[in-house]
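Chemist: Below is the sequence, then the predicted model.
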Amino acid sequence: MDSQNGSPAIGVGMVGYAFTGRAHSHAWRTVACAFDLPMRPIMAALAGREQAALEEAARRQVWAATETDWRALIARPDAQLVDICTPGSSHAEIAIEALEAGKHVLCEKPLANSVEEAETMAAAAATASRRGVRSMVGLSYRRTQALAMARRLIVEGRLGSLRHVRAQYLQDWIVDPEFPLVWRLQREHAGSGALGDLGAHIVDLAQYLVGEQLSGVSALTETFVRERPLRGVLRARGRRRRFGAARPRHGGRRSVVHRAVPRRRRRVLRGHAGRRRP
């Protein structure tokens, strides 16, 4: 397919249109303004489950068409690349079917909700690559200028021999116990929780910067907020009715140390997030 200016173009079909989908839509729409590209992306179609919300998202994010079935999106001849922006529980199924259909795949991290799924996806990608089909995981921090500089300093030997790498990912947007129970806080959708969602960046960057593969991983996890309100929760007698959380953003096991967070500690956490209440 050719774009209007005669340069090669590639049609993009994206599955998912919420937080990550909005970011990816903006990137697809504006990337040619900032970089010289070998191919020009055409935003062909957006897929989602709810028709009304999907149509509104397509209008705001400027997608040419919509599909309420991701399989229909994969089958579209004008979508040569499939961008997967869904919860991890659906990554494997969508990615494998897209690869088998000969579509290039960009999949958000974490790649999958289990090692078995990830291995199956990697095998499908390897098979597809022999037919010229490309695939990648959206570990975008590699592209930040500071990390690119760090990588260059290490490769050039300007930091000497590395003996130790220490990394932190500091994020507080779910630290408030009044934040509702979203899919990222549910094991059946998010899989490994924070270790996968945020830790994936740290694991990737440690390997990318140093140029070596990790040989082993160990971790301790804790569930700090053990109950959260549901979205649209009913209010009873002026107080919010609370429900048990479905395994917040921590690893496969609920926790290593089973300890509830005192109410006063919750206030401290809420204040740290910029939402202190009397």
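Modeler: Structure received.

Chemist: all helices for the stretch 1-150 of the chain, in order.
Modeler: Shown for the stretch 1-150 of the chain, the helices assigned by DSSP state H, counting those that start in this stretch span residues 19-34, 51-61, 70-75, 91-100, 115-129, 145-155.

Chemist: averaged over its residues, what pLDDT does the helix or strand just after the last one have?
Modeler: In other words, helix 145-155. Reading on from helix 145-155 to the C-terminus, the next helix or strand found by DSSP states H and E is helix 187-190. Helix 187-190 shows an average pLDDT of 80 in the prediction.

Chemist: Now helix 187-190: buried residues?
Modeler: Using 16 or more other Cβ atoms under 10 Å as the test for burial, helix 187-190 gives 187, 189, 190. Placement of C-beta: from N, CA and C, glycine included.

Chemist: quick one: which of these is nearest residue 43?
Modeler: Of all the buried residues of helix 187-190, residue 189 has the smallest distance to residue 43: 26.2 Å, by Cβ to Cβ.

Chemist: pretty sure that closest one is in contact with residue 196, am I right?
Modeler: No - using Cβ atoms under 8 Å, residue 189 is not in contact with residue 196; the gap is 11.4 Å.

Chemist: lowest-confidence helix or strand of this protein?
Modeler: Lowest mean confidence among the helices and strands of the chain (mean pLDDT, DSSP states H and E): helix 263-272, at a mean of 33.

Chemist: what sits in contact with each of residue 189 and residue 196?
Modeler: Where contact means Cβ atoms under 8 Å, 6 or more residues apart in numbering, the residues bridging residue 189 and residue 196 through contact with each are residue 88.

Chemist: Any regions of the protein where pLDDT drops low?
Modeler: The chain contains residues with pLDDT under 70 at 1-6, 232-278.

Chemist: Which one of the buried residues of helix 187-190 is nearest to residue 153?
Modeler: Checking the buried residues of helix 187-190 against residue 153 by Cβ to Cβ gives residue 190 as the nearest, at 34.7 Å.

Chemist: Help me confirm that that closest one comes into contact with residue 112.
Modeler: No - with contact defined as Cβ under 8 Å, residue 190 does not count as touching residue 112 (11.5 Å).

Chemist: Quick check: residue 130 vs residue 176, distance?
Modeler: Residue 130 is 48 Å from residue 176, where distance means Cβ to Cβ, to the nearest Å.

Chemist: now swap in residue 33 and tell me
Modeler: When Cβ to Cβ is the yardstick, residue 33 and residue 176 sit 36 Å from each other.

Chemist: Of these two, give the one with the bigger neighbour count.
Modeler: residue 176 (19 against 6; other Cβ atoms under 10 Å).

Chemist: And the more buried one, how far from residue 137?
Modeler: The gap separating residue 176 from residue 137 is 29 Å, by Cβ to Cβ.

Chemist: cool, and residue 210?
Modeler: With the distance defined as Cβ to Cβ, residue 210 ends up 18 Å from residue 137.

Chemist: of these two, who's got more company?
Modeler: For the pair residue 210 and residue 137, the greater number of neighbours falls to residue 137 (21 against 13), based on other Cβ under 10 Å.

Chemist: give me the beta-bridge partners of the more buried one?
Modeler: residue 107 (DSSP bridges).

Chemist: That one touches residue 107, doesn't it?
Modeler: Yes - taking Cβ under 8 Å as the contact criterion, residue 137 and residue 107 are neighbours in contact, 5.6 Å apart.
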